[in-house]
Every structure is written in structure tokens, then in C-alpha cells.
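J.: below: sequence and its predicted model.
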Amino acid sequence: MLFNSLAYLIFLPIVVTLFWVCPKRCRTIILLLASYVFYMSWKPIYGLLIVGLTALNYVFGLLIAKSEQRKKLLLTLAVASNLLLLAYFKYTYFLIDTANQCLASVAQKIPNPPFEIILPLGISFFVFEFIHYIVDVYKGGKPVKSPVDFALFASFFPTQIAGPIKRYQDFIPQLSDHGNFKVKYFDEGLWLIIFGLFKKVIFADNLASVVNSGFSRPDLLTGFDLWLVVYAFAFEIYFDFSGYTDIARGSALMFGYKVPPNFNLPYLASSIAEFWHRWHISLSTWLRDYLFIPLGGSRCSKWLNYRNLFLTMALGGLWHGASMHFLIWGAYQGVMLILHKEFTLLAAKFAVLNNIRQTKLFKLASIVFTFHVVCIGWVFFRASNMAECGAILQRLFFLDHSMSLSQLASLTIVNIQDPIIYMLLPFILALLGAGQILSGWIESRKEGLSIPVPLRAAAIAVLIGLLIVFTPDTSPKFIYFQF
């Protein structure tokens with residue numbers, strides 16, 4: 001069941017209505033059942049997977065909290081169980097292919113399993129939530145005693161497929177705070193859902209046609225064309241994923257629950273380190289707390305610090321997908337973070353360079369430079385394989401001169417039938433910017449401060465109108481559904 005489907009637009013109001021009209025003691029059960037219906041609407045058999053993982057981690061959490069002598073052993077078993085299950089579903093084919101390539105000349109080819117392994121939706125996200133829970137209980141956190149509350153923490157349908165990654169210390173207390181329905185839940189939730197759909201359908205889905213055409217035949221495009229395609233993907237993945245997050249957070253607010261934000265205008269970052277504080281925030285902080293710091297973090301020698309940073313980002317890249325180009329994408333991010341740290345240390349030694357860094361012009365140049373560093377990384381992320389990455393990067397940096405400049409005018413990446421979209425584009429961009437500011441206002445406003453009803457109603461009406469007019473014929477799945 002996709003957020004941008006008719007089924008979800010029917011499912012959500014039904015669950016919200018049942019949640020608020022039923023007695024408070026029944027609400028957690030209602031949400032839990034709805035979450036399993038949501039998950040099993042894709043493949044019912046995988047409902048057993050999430051139930052089994054939930055039971056396993058619930059028991060491990062209780063055992064770790066009670067145990068003294070076997071605490072570390074139980075932690076190791078719990079984390080290993082989660083990672084092995086994730087590895088089986090996500091990395092079996094990748095590991096077999098890699099082994100066959102490495103041993104091609106000295107050993108017989110390893111066959112694939114006799115049955116097809118289908119990656120369960122959201123497994124990367126809820127496995128990370130389970131590991132966070134187990135580790136925090138090991139460190140002294142109180143385990144969740146209620147099996148129903150713990151099951152809902154894992155399966156909560158707004159966040160179960162693609163996050164944001166929740167922390168149980170933030171989520172579980174909200175389950176015991178089922179107050180009366182408040183209009184602000186509906187107001188804020190509806191705004192986030194409509195605004196998220198607008199990002200996904202109007203921007204991401206229309207940009208997807210450009211990106212798919214460009215990446216499917218990069219050999220037909222010049223370097224100039226491919227830069228436009230890469231820019232298009234940079235904004236496609238932002239609007240797609242941040243749109244998903246808005247819908248997830250809006251859906252959660254309909255029940256009075258808050259989940260963490262995942263984006264903070266990442267393309268305004270002035271360094272790659274700042275970018276990762278603004279992009280996929282729940283994953284960045286998870287990697288910091290449960291991978292980077294356990295590896296040794298920054299409280300060690302400079303070279304060990306760089307090793308920890310590199311390994312964290314490389315493994316974070318592999319978490320995104322069982323392919324070499326995802327691993328290289330993560331490694332690339334690690335190298336860029338290390339270079340940023342080296343530049344920061346160098347600038348600190350020279351007063352002139354440090355003063356230049358404080359100027360507005362340098363800040364602006366840093367934003368543009370960082371955006372392009374990120375865009376180069378997106379080539380590894382979006383391409384199908386390393387050969388395609390190499391071909392695209394060659395043309396991006398004009399290292400492949402097989403295409404003459406005279407052919408540029410004859411190339412058409414995508415044909416938009418209705419030219420009125422070009423006339424409305426500045427208005428749409430302005431509306432998007434205003435919406436982002438309005439979302440921030442909603443997020444930070446104090447109790448009792450409200451946006452005028454006419455303004456709120458007008459904004460939602462305009463967004464719905466644009467959704468009706470500019471929705472493409474087909475709406476692809478959210479990008480992060482495959483992770």
C-alpha cells in the first residue's frame with residue numbers, strides 16, 4: 001500500500017476515525033492491527049517475519065535487562081540475529097555474486113538458492129530500530145514491558161517502510177498519552193500529508209521521467225545534458241524522500257504522535273559534514289550513535305578517526321543496497337568527509353584562509369561546491385552498475401568527446417506535452433518555498449498560536465488543485481521503498 005495510492009487515501013481516514021471514536025484502552029490495539037494490515041497488504045506471508053522479529057527482540061530486551069553475567073553475550077546474540085536475518089534477505093545474491101567473481105578461476109561457481117529471495121519492505125529500517133532498542137537496553141535503558149506497545153513501536157505503519165527511524169524512548173511514552181482529539185492534530189497532519197504528496201507527485205514524479213530517460217541512455221547525451229539529468233535526480237530524490245517523510249509525519253500526527261523530522265533544507269549545506277546533519281537525519285544520527293561511536297568515534301588518533309568515518313559511511317552505503325555502486329557511494333561520502341576535516345584543520349592554521357571562510361561570498365561558493373560534490377555522489381547512487389557510473393562520470397567531466405556539440409540541439413531528454421508547466425514553474429517554486437517556511441512555522445509554533453484559517457484553507461486548496469492538474473499518468477514507487 002503506497003502513500004500516494006487511492007487505497008491509502010481510503011485506509012488512513014478509516015483508521016483515524018476508529019482510533020478516535022473507540023475507548024482509549026483499545027487505541028493501541030487498533031493501531032497495531034492497522035499496521036499489520038498495512039504491511040501485509042503487500043505480501044501477507046511477510047507478516048510472519050515482522051511478528052517473529054518483534055517477538056525475538058522483545059524477549060532479548062527483557063533478558064538483557066534482567067541478566068548480569070550474560071548481558072554481553074545476549075547483546076551479541078540479539079544484534080547478530082537481526083543482522084544475519086537482514087543479510088540473508090538483502091545480501092545473499094550480492095555475496096554469492098562477489099564470491100563467484102573472486103573465485104572464478106580457482107573454484108566452481110556457487111549456485112544461487114533454489115528459491116527466489118524477495119526483500120521484505122522496510123526490513124532495513126525496522127532492523128535498525130530493533131538494534132537501537134537492544135543496545136540502549138544493554139546500556140541501562142528500561143525495556144518495554146508491554147508486548148503490544150513494543151509490537152506497535154516496530155510496526156507503526158506511517159514509519160514502517162522507509163522511516164524516519166524512531167527511538168523507542170521518544171515513541172513509547174506517547175502510547176500512554178492518548179488524550180482527547182485535538183483539531184491541531186488534524187490541521188498539522190493534513191498540511192504535512194498534502195504538502196508531502198505535492199512534493200512527491202508534482203516534483204519527484206515529473207522529474208523522474210527526465211532522470212529515467214537520461215540514465216537509461218547516457219551514451220546519447222553530452223556532458224551538459226548529463227549535468228541537467230544529475231541535477232534533476234538530486235531534486236527528485238529530495239522531493240521523493242522528504243515528501244514521504246512529510247506524509248509519514250502527517251499520518252502520525254493524525255493520531256497525536258510525533259516522529260522525528262528527517263530533512264532540513266540539505267542543499268543549503270555549506271559543507272559535506274553539514275549536509276549529513278541535514279539529510280536523512282534519523283539515519284545519520286543512528287550511524288553516529290550505533291556504528292561510528294562504537295568503532296571509536298573521534299576520541300582517538302586522527303587516522304583512526306578517519307578510519308572510523310570511512311567505515312561508517314561505506315557500511316551506510318552498503319545498507320542502502322546490495323550492490324557495489326552503493327558501497328562506492330558510501331565510500332565516496334567517507335572520503336569527502338575526511339577531506340573536509342583536513343581542509344578545516346588546514347584553515348585553522350592560517351589566519352588569512354580562516355578569515356576568507358567567514359565571508360558571505362565563501363559561504364555562497366561553499367553551498368554551490370557542496371551541492372556539486374553531493375551530485376557527483378548521486379551518480380553512484382542512481383546508476384545501475386559501476387560501468388554505467390564510469391561512462392556518466394566521463395561525460396560529466398567532458399573526458400569523452402565522442403559526442404559533438406552540434407548534436408546538442410537535436411537531443412530531447414523528455415517531451416512535456418503541456419507547455420503551461422513552464423509558465424507556472426516560477427509560481428510552483430515560490431509556493432514550495434512558502435510551504436517549506438509554513439511547515440517550519442507549524443513545527444515550531446507555541447500552543448495557542450494558529451495560522452489563519454483562510455490562509456491555511458487557501459494553501460491546501462491550491463496544492464490540491466495543482467495535484468489534480470499536474471499529476472503524471474504514472475506515479476512510481478517511493479525511491480526508498482527498495483531499501
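T.: Good, I have the coordinates.

J.: elements contacting the helix or strand containing residue 15?
T.: With elements taken from DSSP states H and E, the one containing residue 15 is helix 6-21. In terms of contacts (3 or more C-beta pairs under 8 Å, 6 or more residues apart in numbering; DSSP states H and E), helix 6-21 is packed against helix 24-40. The way it works is simple: take the backbone N, C-alpha and C, and place the C-beta from them, glycine included.

J.: re earlier: buried residues in the helix holding residue 15?
T.: 8, 11, 12, 15, 16, 19, 20 (16 or more other C-beta atoms under 10 Å).

J.: nearest residue to the first one in space, ignoring adjacent ones along the chain?
T.: Spatial nearest neighbour of residue 8, chain neighbours left out: residue 1 (5.3 Å); criterion: C-beta to C-beta, 6 or more residues apart in numbering.

J.: just the third one next, same as before
T.: Spatially, and ignoring its direct neighbours in sequence, residue 12 is nearest to residue 251 (6.0 Å; C-beta to C-beta, 6+ apart).

J.: isn't that neighbour up against residue 189?
T.: Yes. Shown here, residue 251 and residue 189 form a contact pair, counting by C-beta atoms under 8 Å, at 6.8 Å.

J.: can you mark which positions in the helix or strand containing residue 231 are buried?
T.: Per DSSP H and E: residue 231 is located in helix 223-253. Using 16+ other C-beta under 10 Å as the test for burial, helix 223-253 gives 223, 225-227, 229-234, 236-253.

J.: packing partners for the next helix-or-strand element following that helix?
T.: Downstream of helix 223-253, the first helix or strand assigned by DSSP H and E is helix 272-278. Packing partners of helix 272-278 (3+ C-beta pairs under 8 Å, 6+ apart): helix 324-349, helix 360-382.

J.: contacts for helix 272-278?
T.: 263-266, 268-269, 284, 333, 336-337, 340-341, 370, 373-374 (C-beta atoms under 8 Å, 6 or more residues apart in numbering).

J.: which one of the residues you listed is nearest to residue 94?
T.: Within the contacts of helix 272-278, the smallest distance to residue 94 is 19.4 Å, found for residue 333 (C-beta to C-beta).

J.: residue 313 is in contact with that closest one, correct?
T.: Yes. In this structure residue 333 lies within contact range of residue 313 using C-beta under 8 Å: 4.3 Å.

J.: spell out which residues are contacts of both of those two.
T.: Common neighbours of residue 333 and residue 313 are not found (criterion: C-beta under 8 Å, 6+ apart).

J.: CA atoms only: put stretch 87-105 into CSV for me.
T.: Extracted C-alpha coordinates of stretch 87-105, given in CSV (Å, rounded to 0.1, in the frame of the first residue of the first chain):
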residue,chain,number,x,y,z
ALA,A,87,22.0,-10.2,5.5
TYR,A,88,20.0,-13.2,4.3
PHE,A,89,17.2,-11.3,2.7
LYS,A,90,19.3,-8.3,1.4
TYR,A,91,22.8,-9.6,0.7
THR,A,92,22.6,-13.3,-0.2
TYR,A,93,22.7,-12.7,-4.0
PHE,A,94,25.4,-9.9,-3.6
LEU,A,95,27.6,-12.2,-1.5
ILE,A,96,27.3,-15.1,-3.9
ASP,A,97,28.0,-12.9,-7.0
THR,A,98,31.0,-11.3,-5.3
ALA,A,99,32.4,-14.7,-4.2
ASN,A,100,31.9,-16.1,-7.7
GLN,A,101,33.8,-13.1,-9.2
CYS,A,102,36.7,-13.5,-6.8
LEU,A,103,36.9,-17.3,-7.1
ALA,A,104,36.1,-17.6,-10.8
SER,A,105,39.5,-19.1,-11.8
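
J.: now that stretch: buried residues?
T.: Here stretch 87-105 shows 89, 90, 91, 94 as buried, counting by 16+ other C-beta under 10 Å.

J.: against which helices or strands is the host helix or strand of residue 82 packed?
T.: Residue 82 belongs to helix 71-102 when assigned by DSSP H and E. The contact analysis (3+ C-beta pairs under 8 Å, 6+ apart) places helix 71-102 against helix 47-66, helix 123-138.

J.: low pLDDT regions in the stretch 51-200 of the chain?
T.: Applying pLDDT under 70 to the stretch 51-200 of the chain flags residues 104-107, 178.

J.: whoops, the stretch 251-400 of the chain was the one
T.: Using pLDDT under 70, the flagged stretches of the stretch 251-400 of the chain are 399-400.

J.: what sits against the residue nearest to residue 8?
T.: Here residue 1 is in contact with 7, 8, 11, 38, 41, 42 (C-beta under 8 Å, 6+ apart).

J.: now with 7 Å, please.
T.: Applying C-beta atoms under 7 Å, 6 or more residues apart in numbering, we find residue 1 in contact with 7, 8, 11, 38, 41.

J.: likewise residue 464?
T.: residue 194.

J.: average pLDDT for the helix or strand harbouring it?
T.: Assigning secondary structure by DSSP H and E places residue 464 in helix 453-470. For helix 453-470, mean pLDDT is 67.

J.: ok, and what's touching stretch 17-35?
T.: Around stretch 17-35, the neighbours that count as contacts under C-beta under 7 Å, 6+ apart are 15, 148-149, 151-152, 155-157, 160, 175, 178, 181, 255.
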